[in-house]
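>>> Predicted model and sequence below, questions to follow.
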Amino acid sequence: MHLSKCSHSFSELVRKIRALSITSPEDAEAQFPKFPNFARHVAKLFREDRLFDILPRLEVQLQIVGKFSLPVRPALDPYISTQIGIFSKHFDDYEIGRFLDYPECCMRSFAENIRYSIDENHIQELRVSGMKAFATTAGFIPCSIFCNEAQNTGLLSFIEPHEMVVLRNLEKEMSLRLPHFHPEYQEHYFEVRSL
Ligand SMILES: [Zn+2]
């Protein structure tokens, strides 16, 4: 169950990027009405041939993700995220969140309650959950660690201690096969908290 949910969720992201690589900026806007400005921007970069090295990296990441049985979806390769403008301040948080399939409830909590990281409330929820640990996709902040939608999208999961090893192994393989020059994001594809 883990495998299909997270691979599916990651493949969905890959599908969107591939679609943006072959469409005009105008059509991109119409094709992705939930994030029109961002879609137009990415399609334009592809058209100007400024993202020529993105698709091969995406293929490698997709291949690596398929090898692991993951409890949550890994973050997109930080090099790709940077190149397509995910960290850029030019786009609304909601557009980026919708591109990344973040649930509306979690985006609201992120934007309106200014929860920019896993905080004490999440840890308090973990204490009452009876579970020992949880993992999220790096960069994603759930409204609650009990958020059903986030769990169903493969962005959040309670995990057993032994599953942390799987997450670290994937991060190691990513950093070996997809090196990049963003040291702050090196080997950082998941966020894990344990008691
Ligand atoms: Zn939520």
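Yes, it's here.
>>> Output the longest helix belonging to the chain.
helix 2-21 (DSSP state H).
>>> Close to the ion: what parts of the chain are there?
Residues of the chain that fall close to the ion, judged by CB under 5 Å from the ion: 103, 105-106, 143, 147. For every residue, glycine as well, the C-beta is placed using N, CA and C.
>>> TSV please, covering these and showing distance to L58.
Below are the residues of the chain next to the ion laid out as TSV (distance: CB to CB, whole Å):
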residue	distance to L58
P103	24
C105	28
C106	24
C143	29
C147	27
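>>> Identify those among those residues that sit within helices.
Cross-referencing those against helices under DSSP H gives 105-106.
>>> biggest separation within the residues of the chain next to the ion, which pair?
Greatest spacing in those, by CB to CB: P103 and C143 (7.6 Å).
>>> anything in contact with each of these two?
A150 (CB atoms under 8 Å, 6 or more residues apart in numbering).
>>> In the chain, what residue spans correspond to strands?
133-137, 156-159, 190-194 (DSSP state E).
>>> Export the ones you listed as a markdown table, with columns for mean pLDDT and mean neighbour count.
Formatted as a markdown table, the strands of the chain follow (pLDDT from 0 to 100; neighbours: other CB atoms under 10 Å):
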| stretch | mean pLDDT | mean neighbour count |
| --- | --- | --- |
| strand 133-137 | 97 | 23 |
| strand 156-159 | 97 | 23 |
| strand 190-194 | 95 | 18 |
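>>> just to revisit the earlier point, turn the buried ones among the residues of the chain next to the ion into a named ChimeraX selection, would you?
Buried residues among the residues of the chain next to the ion (16 or more other CB atoms under 10 Å), as a ChimeraX selection:
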select :103,106,143,147
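>>> Mind putting the residues of the chain next to the ion into CSV with pLDDT and distance to L156?
Below are those laid out as CSV (pLDDT from 0 to 100; distance: CB to CB, whole Å):
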residue, pLDDT, distance to L156
P103, 97, 9
C105, 97, 12
C106, 97, 9
C143, 97, 10
C147, 98, 6
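>>> Can you name the residues that contact F158?
129, 131, 133-134, 145.
>>> Find the centremost residue of this protein, please.
In the chain, the residue lying closest to the centroid (CA atoms, centre = their mean) is A75, at 3.6 Å.
>>> isn't it right next to A138, touching?
Yes. In this structure A75 lies within contact range of A138 using CB atoms under 8 Å: 4.0 Å.
>>> Kindly point out which residues are neighbours of both of these two.
Between them, A75 and A138 share these contacting residues under CB under 8 Å, 6+ apart: 188-190.
>>> Which neighbouring elements make contact with the longest helix of the chain?
Packing partners of helix 2-21 (3 or more CB pairs under 8 Å, 6 or more residues apart in numbering; DSSP states H and E): helix 25-31, helix 36-47, helix 54-67.
>>> With distance to A111, mean pLDDT and mean neighbour count as extra columns, can I get those helices in TSV?
Below are the helices and strands packed on helix 2-21 laid out as TSV (distance: least, CB to CB, whole Å; pLDDT from 0 to 100; neighbours: other CB atoms under 10 Å):
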stretch	distance to A111	mean pLDDT	mean neighbour count
helix 25-31	22	97	16
helix 36-47	15	98	20
helix 54-67	27	94	16
